[in-house]
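Visitor: pasted the sequence and its predicted model underneath.
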Amino acid sequence: MKNFDKFLMTLILAAFFSTGVWAQKSNSVFNNLANEYLMQKDKSAYSELINNATNPTNNNQNISKILGGTTVYGYVAFDITGTLPNGPAYFDLESPGFITSLGPQTSNDFMAGGSWADDTWYAVEYNTGTLYTIDVVTGEMTLIGTSGLAFNGLAYDPSGSVMYGVYWDGLDDYLYTVDLTNGAATEVGMIQTGGLLISLACNTSGELFATDIITDQLVSINPATGEGTNIGSLGIDISFAQSLEFDNENDILYAGAYTITGELYTIDPVTGTATYVGEFQGGSEITAMAIPYSPVSFDNDLGIQTIMSPNSGVDLTATEAVTVRIKNYGANPQSDFDVNFSLDGGTLVSETIAATLNSGETMDHTFGTTVDLSEYDTYVIESCVVLAGDENPGNDCKTKTVVNDPPSYCEASTGFGEEFIGNVTIGSINNTTGWQTEVADYTDMIAAMAMGGSLDITVTNGGDIYPEDMVTVWVDWNDDYEFEIGGDEEFILVSDGTGLTFTGTITAPANAPVGLHRMRVRMMWNDIPVPCGPSSFGEVEDYSIDILVGIEELDASSFQIFPNPANEQINVKSSIEFNRIQIISINGQLVFDELVNSKDYQIDVSDYNSGMYFVKLETDEGSISRKITVK
C-alpha cells in the first residue's frame, strides 16, 4: 500500500506544479484531489502546504518607492480578500498596494498575458488564446480574434512593430508572432524544452525576455529563431500566473510576480535578479501588465543600463570591481563623456570615457577604483553617466543593492515524515529525535576523532519502515561549505534489509584539518540520497565531527565555548586545565594568542569582524579546536 500512496502523492505534487500556469481560482480540481487524499491519510504537513499555497497572507505591507507617476494596467486574476473583482485594473509603480478596478471580468477566463502597443492595451485570455483590447478608461474588452493557443505571455516589440506570444504545449515552450488585426498566430521556433515560460516582455531594442516558473530563471529569447538562453536566477520562488513588462521610457523591466503573495519586482535583464518593490493590494495576483509609454526619440541620450558588478554573494572581498553597462539611447554617437559611482552615498568616483558609443549600442566600463565589501553587510552602489546636453535625464542613473553574506551550507527539506531519522549514534552522540521538515540542526552535538581515525555510525528509522529507504552521510572535511558526492566526504550506509537500521564507518582523511567539521545525515525513500534540495519523504540532520590532535577519545562536554554565535565575549570552560588559547580567523590569521593556566576564561570579541573563527585550546595531553561565529 505504501508504494501506491507514494505514487499518488507524486501524482498530486505533479498536478500542483502543473497548475502554476493557472490563476488560483482554477485550482478546485487539485484541491479536491488533495483533500480526498488527506481524508484517508493524516498528513498535517501536506495540509499545511496546501493551505499556504491556496490561502496566502499579506506578509509584508512595506512599499519601497522606485519610480513615481507611472500608471500600470493589469488584470486582477485573483484577490483572496475579495475586495477587488477579477478584471482589468490599474495602479501606480510607486504604490502597488493601491489598485483601482476598471470593472468586473467579462471574458470567460482571466487574461494570461498583456502588453502596450500603439497606445492600446492588448491582452490574451488564458486557455483559449483569444486576443482582446481593453479600454483603459472603462475597462471594456473588445474581442479581436483567437489563435486557439493558450499563450502564457504577450509582448510588443516597438522597434519592429511585432506582437509576440509564448506558448507551452505541455513539454516545450514556443515563440509565436500574433496578428493584432485578427489574433492569428505564426510559429517562430522552439524556445526551450523541459521548462515552462510563464510571461513575456520586450524592450525598445527588440530584446525578448521571459520567466520560467519551473526553474525560477530569467530567459532571453532570440526573436528571429525563438531560441532561449538562461540569463540567471530570479532569486524568488514564483508560482501560479505571472506578468512581465518593460517600462520603456525608463528601460526598467517589471514583474507582477506571485510567490506566496502577489508582489511587484524589478528584474535586472543582465543578471536575472529580482528586486522587491512592494506588495499588491490584498496580495492580488496581477497578470497581463501593460505600461504606457510615448515612443519619443532623442538625439542625445545616454543612460546606465545596469550595474553588472559587484554582485551579492558569499565572502566578498576588499577589492571588488565595479562594472557598469552604458547604453546610447539617442540618435547621435557620443564620446568624451563622464561616468561615476558612489558606495553608500560616499565619495564620488568619476572617470571619462573617450571612446565613441554609437546609437543603440552598449559599452561595459570597469572603473579603476575598486570597492571594499569585505564586511558582512548590505551595500548600495549608485552609478550615473554625465553627458552635456542629455535630453532624457531619467535613465542617467541606476542603483544596485549588494549583500555580502557569510558562507552557509545548502538547504535541504522533506515534505512528509512517514519515515524519518529516529536515532543517530556515533562516538559520544546518541540522539533520539522526531521528524523535521527542514534540516534539523544538532551541530552542537560533537563526535571526536583523530586524524585518519574512524567511528562506527548507526542510524535508526523512527517512522514507517520500508526496504526502499536509504541513508547517506557526508562530512565536510575541507570546510568549504559543500558536501562532496562520490569522494572521501560521502559515506553510504548499509541497510539491514528492512529499512529499520543503517550502519557504516566514518573515516577521516589522514590530513583532515584539526577542528570541527559539519556532518550531514539524510534518509530518503526509493532514491539515492543527495545532500541538498527537497525530497518528498525522509529527513535531514546535521551534526559535528571534531578532529583532535593528541586526544584520541574525548567527551565533547569536556570543553564548552559559549555563546555561539557571539557578539560581545565568549566564555571558555573545561573539565581539563588548558594552558594556551588561540583564536584564528577563517582566513588563517592569528587574532588572539594567550598563555593561561585555567579551566574558565573569558575573551572580548566585540571588536572582531563578523565571520567564522577557530578557537584552539592547548592542554598537557594535546589540543582541541572549536568553531565559533562572531556577529
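Guide: Received it, and whenever you're ready, just let me know what you need. Residues are numbered from 1 along each chain as shown.
Visitor: now the helices for the protein?
Guide: Using DSSP state H, the helices of the chain run over 2-18, 28-40, 44-54.
Visitor: once you drop chain neighbours, what's closest to residue 439?
Guide: Excluding its sequence neighbours, the residue lying closest to residue 439 (Cβ to Cβ, 6 or more residues apart in numbering) is residue 540, at 4.8 Å. Every residue, glycine included, has its C-beta placed from N, CA and C.
Visitor: any idea what the one you found is bridged to?
Guide: Using DSSP bridges, the bridge partners assigned to residue 540 are residue 522.
Visitor: now swap in residue 113 and tell me
Guide: Beta-bridge partners, per DSSP bridges, of residue 113: residue 124.
Visitor: please report how far it lies from residue 319.
Guide: Noted for residue 113: a distance of 44 Å to residue 319, by Cβ to Cβ, to the nearest Å.
Visitor: looking at these two, which is more packed in?
Guide: Comparing residue 113 with residue 319 by other Cβ atoms under 10 Å, the one with more neighbours is residue 113, at 34 against 11.
Visitor: can I see the domain layout of the protein?
Guide: Split into domains by automatic domain parsing, the chain comes to 2-54, 71-290, 302-405, 412-548, 556-630.
Visitor: mind putting the ones you listed in a markdown table, mean pLDDT included?
Guide: As requested, the domains of the chain are arranged in a markdown table below (pLDDT from 0 to 100):
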| stretch | mean pLDDT |
| --- | --- |
| domain 2-54 | 37 |
| domain 71-290 | 93 |
| domain 302-405 | 93 |
| domain 412-548 | 93 |
| domain 556-630 | 83 |
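Visitor: residues in contact with the most centrally placed residue in the chain?
Guide: The structure's the chain has its C-alpha centroid closest to residue 235; by Cα atoms, centre = their mean the separation is 2.7 Å. Taking Cβ atoms under 8 Å, 6 or more residues apart in numbering, we find residue 235 in contact with 216, 272, 273, 274.
Visitor: so how far is stretch 145-159 off the chain centroid?
Guide: 28 Å (Cα atoms, centre = their mean, to the nearest Å).
Visitor: go through that stretch and flag the buried ones.
Guide: 145-147, 149-158 (16 or more other Cβ atoms under 10 Å).
Visitor: do stretch 287-294 as well
Guide: Neighbour-count burial for stretch 287-294 flags 287, 288, 289, 290, 291, 292, 293 (criterion: 16+ other Cβ under 10 Å).
Visitor: which one of those residues is nearest residue 500?
Guide: Residue 500 lies nearest to residue 287 out of these, by Cβ to Cβ, at 50.3 Å.
Visitor: surely that closest one is in contact with residue 112?
Guide: Yes. Between residue 287 and residue 112 there is a contact under Cβ atoms under 8 Å: 6.1 Å.
Visitor: what residues are shared contacts of those two?
Guide: Shared contacts of residue 287 and residue 112, counting by Cβ under 8 Å, 6+ apart, come down to residue 241.
Visitor: quick check: chain neighbours aside, which residue is closest to residue 308?
Guide: Nearest non-adjacent residue to residue 308 (Cβ to Cβ, 6+ apart): residue 323, at 4.5 Å.
Visitor: any idea how far that neighbour is from residue 116?
Guide: As judged by Cβ to Cβ, residue 323 and residue 116 stand 32 Å apart.
Visitor: one more: residue 170?
Guide: According to Cβ to Cβ, residue 170 and residue 116 sit 30 Å apart.
Visitor: quick one on the thing from earlier: tabulate the contacts of residue 235 (a markdown table), appending neighbour count and distance to residue 348.
Guide: Shown next, in a markdown table, are those (neighbours: other Cβ atoms under 10 Å; distance: Cβ to Cβ, whole Å):
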| residue | neighbour count | distance to residue 348 |
| --- | --- | --- |
| 216 | 17 | 36 |
| 272 | 20 | 29 |
| 273 | 22 | 25 |
| 274 | 23 | 28 |
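Visitor: of these, just say which sits nearest to residue 415.
Guide: Of all the contacts of residue 235, residue 415 sits closest to residue 216, with 18.4 Å by Cβ to Cβ.
Visitor: dump the contacts of residue 235 to TSV, plus distance to residue 522.
Guide: Shown next, in TSV, are the contacts of residue 235 (distance: Cβ to Cβ, whole Å):
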residue	distance to residue 522
216	23
272	30
273	30
274	30
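Visitor: quick check: the two most widely separated of those residues?
Guide: Pairwise over the contacts of residue 235, using Cβ to Cβ, the maximum falls at 216 and 273, 11.3 Å.
Visitor: so what sits against both of the two?
Guide: With Cβ under 8 Å, 6+ apart as the test, residue 216 and residue 273 both reach 233, 234, 235.
Visitor: what about the first one, neighbour count?
Guide: Okay, so that is residue 233. Quick note: residue 233 (other Cβ under 10 Å) scores 14 neighbours.
Visitor: when you give positions from now on, start the count at 9
Guide: That works, and once the first residue is 9, the last one we named lands at residue 241.
Visitor: tell me the contacts of it?
Guide: Applying Cβ under 8 Å, 6+ apart to residue 241 gives the contacts 224, 225, 226, 280, 281.
Visitor: now, which of those lie within strands?
Guide: Among these, DSSP state E puts 225, 226 in strands.
Visitor: sort out for me which of the shared contacts of residue 224 and residue 281 are in strands.
Guide: residue 241.
Visitor: looking at the contacts of residue 243, spot the one nearest residue 269.
Guide: For the contacts of residue 243, the nearest to residue 269 is residue 282 (14.3 Å; Cβ to Cβ).
Visitor: so what's that closest one up against?
Guide: Shown in contact with residue 282 (Cβ under 8 Å, 6+ apart): 242, 243, 244, 263, 265, 273, 274, 275.
Visitor: try it again at 10 Å.
Guide: 219, 224, 226, 241-244, 246, 261, 263, 265, 267, 271, 273-276 (Cβ atoms under 10 Å, 6 or more residues apart in numbering).
Visitor: then residue 603?
Guide: Applying Cβ under 10 Å, 6+ apart to residue 603 gives the contacts 587, 588, 589, 626.
Visitor: hmm, 8 Å instead?
Guide: Contacts of residue 603 by Cβ under 8 Å, 6+ apart are 587, 588.
Visitor: filter the contacts of residue 282 to the buried ones?
Guide: Buried, going by 16+ other Cβ under 10 Å: 219, 224, 226, 242-244, 246, 261, 263, 265, 267, 271, 273-276, out of the contacts of residue 282.
Visitor: for residue 383, state which of those is nearest.
Guide: residue 243 (21.6 Å).
Visitor: any idea how far that closest one is from residue 356?
Guide: Distance from residue 243 to residue 356, by Cβ to Cβ: 29 Å.
Visitor: and if you look at residue 299?
Guide: In this structure, residue 299 and residue 356 are 32 Å apart, going by Cβ to Cβ.
Visitor: and the strands in the stretch 459-608 of the chain, which stretches?
Guide: Counting by DSSP state E, counting those that start in this stretch, the stretch 459-608 of the chain has strands at residues 462-469, 477-483, 498-500, 502-503, 509-515, 523-533, 541-556, 567-570, 577-593, 598-612.
Visitor: as TSV, those strands with distance to residue 90 would be great.
Guide: Formatted as TSV, the strands of the stretch 459-608 of the chain follow (distance: least, Cβ to Cβ, whole Å):
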stretch	distance to residue 90
strand 462-469	46
strand 477-483	45
strand 498-500	52
strand 502-503	52
strand 509-515	51
strand 523-533	41
strand 541-556	33
strand 567-570	51
strand 577-593	54
strand 598-612	57
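Visitor: of all those, which lies closest to residue 130?
Guide: Nearest of the strands of the stretch 459-608 of the chain (Cβ to Cβ): strand 541-556, 38.1 Å.
Visitor: give the buried residues for the closest one.
Guide: Here strand 541-556 shows 543-556 as buried, counting by 16+ other Cβ under 10 Å.
Visitor: same check on stretch 387-401?
Guide: For stretch 387-401, a neighbour-count test (16+ other Cβ under 10 Å) marks 387, 389, 390, 391, 392, 393, 395, 398, 400 as buried.
Visitor: ok, stretch 135-153 next?
Guide: Buried-residue list, stretch 135-153, by 16+ other Cβ under 10 Å: 136, 137, 138, 139, 140, 141, 142, 144, 147, 149, 152, 153.
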